[in-house]
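**Q** got a predicted model here, sequence first, then my questions.
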Amino acid sequence: ELSRIHIDLNTQHFIDEYGRIFHGVNVVYKISSYLPNLTHFDP
């Protein structure tokens, strides 16, 4: 079960019921192949 989240109107932070602040997101878009190429570096 997920915690309830509210927005602090003074700081604009997302805060859960335990007082933890959510301060970012991570989105990763992957296409085939999911394994890295080990023969050369490709950032």
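**A** Done, it's in. What you see is a predicted model, and the numbers here were worked out from it, not measured in a lab.
**Q** and the closest residue to His6 other than its chain neighbours, which of the three is it?
**A** By the measure of C-beta to C-beta, 6 or more residues apart in numbering, the closest residue to His6 outside its immediate chain neighbours is Ile15, 6.0 Å from it. In short, each C-beta sits where N, CA and C put it, glycine included. The assignment at Ile15 comes out as strand when based on DSSP: H, G, I helix; E, B strand; the rest coil.
**Q** wait, Ile15 touches Ile5, no?
**A** Yes - using C-beta atoms under 8 Å, Ile15 is in contact with Ile5, at 6.9 Å.
**Q** neighbour count for those two, which is higher?
**A** Here Ile15 and Ile5 are compared on neighbour count by other C-beta atoms under 10 Å; more neighbours surround Ile15, at 16 against 11.
**Q** which residues are common contacts for Ile15 and Ile5?
**A** With contacts taken as C-beta atoms under 8 Å, 6 or more residues apart in numbering, Ile15 and Ile5 have Phe22 as neighbours in common.
**Q** those helices in the chain, which residues are they?
**A** For the chain, no helices turn up when DSSP state H is the criterion.
**Q** any idea how many residues pack against Gly19?
**A** Look at Gly19: counted by other C-beta under 10 Å, it has 6 neighbours.
**Q** gap between the residue lying farthest from the centre of the chain and Lys30?
**A** Within the chain, the residue lying farthest from the chain centre (C-alpha atoms, centre = their mean) is Thr39, at 29.8 Å. Going from Thr39 to Lys30 by C-beta to C-beta, to the nearest Å gives 19 Å.
**Q** what is the burial count for Phe14?
**A** Every residue meeting other C-beta under 10 Å relative to Phe14 is counted, giving 13.
**Q** residues in contact with the nearest residue to it once chain neighbours are set aside?
**A** Computed as C-beta to C-beta, 6+ apart, the closest residue to Phe14 that is not its neighbour in sequence is Phe22, at 4.1 Å. Listed by C-beta under 8 Å, 6+ apart, the contact set of Phe22 reads Ile5, His13, Phe14, Ile15, Asp16.
**Q** do Ser32 as well
**A** For Ser32, the contact set (C-beta under 8 Å, 6+ apart) is empty.
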